[in-house]
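J.: Just a sequence and a predicted model for now, questions to come.
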Amino acid sequence: MGSFISKNSSRESGTEKLSKAEENNKISPTKNSNGLKNSHRKRRSSVSAEVDKVKNDFYERKFVQKSESVIRQINDSIQSNFLFNSLPREHLKEVVDAMEEAIFQAGETIISEGDDGLHFYIIAEGECEVYIRGQNDGNALRTLHKCGTFGELALMYNAPRSATIKAKTEVKLWVLDRDTFRRTILHNGQERRRKYEQFLKGLELLKVLSDEEVSRLADAVEPLHFEPQQVVVEQGDNDRDFFKFYIIEEGEAEVFICTESDEHVLMNTLSEGDFFGERALVQMTPRTATVKAKKYLKCAGLSIAAFERLMGPCLQLLHERATSGYFNVEDVQNSSSREATLMCCDFNRDE
């Protein structure tokens, strides 16, 4: 059974207190199947409503005693994660203060599909595997490595867990409780969400999404920046742990396919509002084209987990575009204009 191994955990006293109403409704902590303590509360229907309530209520800030070396390890683990790199210093400190260490043995289940979301996880050491019922013949869909994260989607949307995560090896995790996650990370993301909502609502692909679904998508996208000629995705890449779906916010990207004779054929040029990367995600294939920034490029990126969870209403269209309508390399080579009209790729060769 996975368990915390920190022996000196304590809660900060006298800093901030629960409001009277919250104290009256407080439920004694219990242990879930992961051995983590949680205060089970009624699930609410709106993320934004939760954030506003936390903003206005008093709360007890969680504090778990740590050594300086452990604090450095946590900071190293989260520094490259987009959920944390825009946090104000005081919120980042609150997150680090609240994190606890947990150990799971190989084969143990950390979270189960369909369960309530109560914690967010960062892998400090070891590897985890992702499983979704009815997919990939019951085998793991992908492997998560050191600094990988999971568990945020259920916390962001008050939804059941969308996948089961098991320890592939012995793993050490940094664990963040739900209340601290939404008080810091979600609240800080409100301005970013409003900006992306406006951008995403203007995309033809997403017209089938409701306002609530667009808001959820806006919460999950990650701003990504690329310099001219920088490779965004590379043909043949099969490391699904790092696969993303990309929507161009600013700049241009070029799509190339490398033929059997090692000729790099320009298939298309993409610009603002265009998207790419969906083919490898919906067909579970390696990347079938290379995409490079033509000039400075800014994209809204969606992780593979968020893509699977949030793009459901768009998947039929994405499947159709992934299985038909792509340019044949020979056709492009023989075309005098080489003008492409599709706005999405990964493009592939006809076998």
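T.: The structure has been received and is ready for your questions. Numbers count the residues shown, from 1 in each chain.

J.: all helices of the stretch 101-250 of the chain, in order?
T.: The residue ranges that make up the helices of the stretch 101-250 of the chain, judged by DSSP state H, counting those that start in this stretch, are 152-157, 178-181, 187-188, 190-201, 211-220.

J.: Just send the ones you listed back as TSV, with mean pLDDT, distance to Q135 and mean neighbour count too.
T.: No exception for glycine: its C-beta is placed from N, CA and C like everyone else's. Compiled in TSV, the helices of the stretch 101-250 of the chain are given as follows (pLDDT from 0 to 100; distance: least, Cβ to Cβ, whole Å; neighbours: other Cβ atoms under 10 Å):
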stretch	mean pLDDT	distance to Q135	mean neighbour count
helix 152-157	82	16	22
helix 178-181	91	26	21
helix 187-188	74	33	18
helix 190-201	84	26	16
helix 211-220	86	20	20
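
J.: Indicate which one of these is closest to E60.
T.: Go through these one by one with Cβ to Cβ and the one that ends up closest to E60 is helix 178-181, at 8.9 Å.

J.: tell me the centre residue of the protein?
T.: Most central in the chain under Cα atoms, centre = their mean is S303, positioned 4.5 Å from the mean C-alpha point.

J.: Quick check: bridge partners of it?
T.: Taking DSSP bridges, one finds K244 as the beta-bridge partners of S303.

J.: What's the separation between it and M267?
T.: In this structure, S303 and M267 are separated by 25 Å, where distance is defined by Cβ to Cβ, to the nearest Å.

J.: Could you say which one of the helices of the stretch 101-250 of the chain comes nearest to G251?
T.: Among those, if distance is taken as Cβ to Cβ, the winner is helix 190-201, at 14.1 Å.

J.: list the helices and strands the closest one packs on?
T.: For helix 190-201, the packing partners by 3 or more Cβ pairs under 8 Å, 6 or more residues apart in numbering; DSSP states H and E come out as helix 211-220, strand 297-303.

J.: burial of E320, as a residue count?
T.: Applying the criterion other Cβ atoms under 10 Å, we find 11 residues in the vicinity of E320.

J.: With K207 as the reference, measure out to it.
T.: If you go by Cβ to Cβ, the gap between E320 and K207 works out to 15 Å.

J.: who are the neighbours in contact with the closest residue to E252 other than its chain neighbours?
T.: Closest residue to E252 in three dimensions, ignoring its sequence neighbours and counting by Cβ to Cβ, 6 or more residues apart in numbering: K294, at 4.1 Å. Listed by Cβ atoms under 8 Å, 6 or more residues apart in numbering, the contact set of K294 reads 228-229, 251-254, 269.

J.: Give the buried residues for stretch 127-146.
T.: Of the residues in stretch 127-146, those scored as buried under the neighbour-count criterion (16 or more other Cβ atoms under 10 Å) are 127-132, 140-142, 144.
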